[in-house]
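> everything below, folded, please.
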Amino acid sequence: MRRQIEPLVVGRRIVEAWGHPSGKFASAPFAAGAAIDGVGRRGKYLLIGLDDERELIVHLGMTGQLRIRPGELDPYVRAWWALDDGRVLELRDVRRFGRIGVVPVGEYASLPTLAAQGPEPWDAALDDGGLWRNLKRSNVRIKTQLLSQRPLAGVGNIYADEALWRAGIHPARRSITRREAEALLVELRTVLEQGIANGGTTLRDYRTPDGEPGRHQHELGCYGRAGEPCGRCGTELKRSIVDARGTTHCPTCQPRR
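Numbers count the residues shown, from 1 in each chain. Prediction:
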């Protein structure tokens, strides 16, 4: 999303803006008058840099879509920003799980989930046992730790299931060895890189800024494939609930020990 939206908005000035009165979206108009000078990312947050030393922060939640307005009225648009070239950037969010903030650069106290995130998946701090040390700080189930964004940032339900399956680690385990953590880091980076290269995973709501679905759903080896044979060993993949999150794993490739 960051890579796709950046060339569409950088250099444009926001001449008008609107946000749904919900506290999650009401700050959208505060960006009006500023020009966009960059688009960054931290975990799952988009950091849209403004030329007045502020950032427009956008989190898509589960059903959010950030796009250039296609021209029709849409009751699910929660915020929009009119640009000086006549186009409109908008956030469409059916279930209203996303959120928006406009803050001074780097000041995320009003966005505690963003402020508390761990290192990016490709951060060198995770190498040489870094991820293992981060995971050792808690005995919470491994998958739940990944979704918390604290050991590392940016991993959601789909990519957690995929990486754990590829690394052969049961999602409900509470500890892993250093060697397992190193293998998990390799697989996390791989599945994220593949997901980005394929334009994201569209199971229902996600769309790219030009309105197209992602393609990575066709490459998933584990997530959402419960009842199908494991692509490695042929065992039937199982679905379970791990700390309230739907989870798929292979009982043979990912033994719980």
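> how about the helices in the protein?
Secondary structure of the chain (DSSP state H): helices at 2-9, 112-115, 130-136, 142-147, 157-167, 178-197.
> nearest to Val103, of those?
For these, the distance to Val103 is smallest for helix 112-115, at 9.4 Å, taking Cβ to Cβ. For glycine as for every other residue, the C-beta is placed from the backbone atoms N, C-alpha and C.
> between the helices of the chain, which one is closest to Ile241.
Of the helices of the chain, the one closest to Ile241 (Cβ to Cβ) turns out to be helix 142-147, at 10.8 Å.
> and that closest one, what does it pack against?
In terms of contacts (3 or more Cβ pairs under 8 Å, 6 or more residues apart in numbering; DSSP states H and E), helix 142-147 is packed against helix 157-167, strand 245-249.
> ranking these by mean neighbour count, which comes first?
With neighbours taken as mean count of other Cβ atoms under 10 Å, these reach their highest mean count in helix 157-167, at a mean of 24.
> how about the helices and strands packed on helix 142-147 in CSV, adding mean pLDDT and distance to Arg207?
Listed next are the helices and strands packed on helix 142-147 as CSV, based on pLDDT from 0 to 100; distance: least, Cβ to Cβ, whole Å:
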stretch, mean pLDDT, distance to Arg207
helix 157-167, 97, 16
strand 245-249, 97, 22
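> dump those into TSV; add distance to Arg174 as well.
Converted to TSV, the helices and strands packed on helix 142-147 look like this (distance: least, Cβ to Cβ, whole Å):
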stretch	distance to Arg174
helix 157-167	13
strand 245-249	15
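> the nearest residue to Arg87 once chain neighbours are set aside pairs with what?
Leaving out its chain neighbours, the residue that sits closest to Arg87 by Cβ to Cβ, 6 or more residues apart in numbering is Ile68, at 5.3 Å. Beta bridges link Ile68 to Leu89, judged by DSSP bridges.
> now distance to Arg225 too, for the helices of the chain, in TSV please.
Converted to TSV, the helices of the chain look like this (distance: least, Cβ to Cβ, whole Å):
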stretch	distance to Arg225
helix 2-9	27
helix 112-115	29
helix 130-136	26
helix 142-147	16
helix 157-167	9
helix 178-197	14
